[in-house]
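Enquirer: 3D model of this:
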Amino acid sequence: MSWSIIIAALWVLVATGTALLPMRRQYVLGVTLLLLAPVLIIWLGYDFGWGWSAAAFLAFASMFRNPLRYLFARARGHRPEIPR
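Expert: Next up, the predicted model:
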């Protein structure tokens, strides 16, 4: 089995565990996962082709839709409210 698949499976398990944590404890792990995801998606695309990379990107966008919305709003100059 490829290392990229093993690391991707571990990433999914850590992301699932992070989602079960209270909101105030999700930030550090969530940001770490958010930063590692593009690297992992590119690695999967390198090993298995762009189709699998596109599928991984869609799954990533689905899981991180709220943080991505927040970052997009901040990039446009808005000040969205942070959940507590």
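Enquirer: report the separation between P67 and I6.
Expert: Using Cβ to Cβ, to the nearest Å, we find P67 at a distance of 25 Å from I6. Bear in mind the C-beta positions are built from the backbone N, C-alpha and C, glycine included.
Enquirer: pull out the buried positions in the lowest-mean-pLDDT helix or strand in the chain.
Expert: Lowest on mean pLDDT, DSSP states H and E among the helices and strands of the chain sits helix 65-75, with a mean of 86. Neighbour-count burial for helix 65-75, with 16 or more other Cβ atoms under 10 Å as criterion, is recorded at Y70.
Enquirer: could you pull out the helices for the protein?
Expert: 3-19, 23-48, 50-63, 65-75 (DSSP state H).
Enquirer: in TSV: those helices, plus distance to E81.
Expert: As requested, those are exported to TSV (distance: least, Cβ to Cβ, whole Å):
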stretch	distance to E81
helix 3-19	20
helix 23-48	13
helix 50-63	21
helix 65-75	9
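Enquirer: for I82, find the nearest of the ones you listed.
Expert: helix 65-75 (7.7 Å; Cβ to Cβ).
Enquirer: tell me how many other residues crowd L20.
Expert: 8 (other Cβ atoms under 10 Å).
Enquirer: and it, what's its pLDDT?
Expert: Looking at L20, its pLDDT stands at 95.
Enquirer: if I look at it, how far off is L13?
Expert: Distance from L20 to L13, by Cβ to Cβ: 11 Å.
Enquirer: can you check F60 too?
Expert: The gap separating F60 from L13 is 15 Å, by Cβ to Cβ.
Enquirer: looking at those two, which one has more neighbours?
Expert: A count of neighbours by other Cβ under 10 Å puts F60 above the other of F60 and L13, at 19 against 10.
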